[in-house]
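Participant: coords please:
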Amino acid sequence: MAEPIRRYQLEGVDSAPDVEITWTHEDQAAALAEGWYLDELDGAIQADQEADAFVFDVQAFNHIKEQATAGSELHLKAMILDAWAALGAWEMRFREATGQTRDW
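Facilitator: Below you'll find the model as predicted:
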């Protein structure tokens, strides 16, 4: 079995069970068939410019949000991983701006 493209683990939160979410090559292929993908470097939702389905990333995001709300597991995973990517980018900028070096 191929390694997943992205893996998110939430552990040690008192009010929630441990969770692992993976984004597989099959997930990426399904996303690409719709005209979007998760960036393999940062995990952010991107419109596939070659597919002509979405011009802007926000259009792809809105499509994914609609599908996730309707119950699609693929789209829900994409939303969670995109949010995790955004949080990581924010944390990195915060640490650079404040000199914060300790873990949260």
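
Participant: give the contact list for A83.
Facilitator: Contacts here follow Cβ atoms under 8 Å, 6 or more residues apart in numbering; on that basis A83 touches nothing. The C-beta positions use only the backbone N, C-alpha and C, and glycine is treated the same way.

Participant: quick one: mean pLDDT over stretch 76-83.
Facilitator: The average of the pLDDT scores along stretch 76-83 is 91.

Participant: stretch 36-52 too?
Facilitator: Averaged across stretch 36-52, pLDDT comes to 92.

Participant: distance of the residue nearest to D48 when sequence neighbours are not counted relative to I21?
Facilitator: Using Cβ to Cβ, 6 or more residues apart in numbering and skipping the chain neighbours, the partner closest in space to D48 is G35 (5.1 Å). Between G35 and I21 the distance, using Cβ to Cβ, to the nearest Å, works out to 22 Å.

Participant: E20 in helix, strand or coil?
Facilitator: Following DSSP: H, G, I helix; E, B strand; the rest coil, the label given to E20 is strand.

Participant: whoops, I mixed them up, G71
Facilitator: When classified by three-state DSSP, G71 comes out as coil.

Participant: next, give phi and psi for it.
Facilitator: phi 110, psi 10 (degrees, to the nearest 10).
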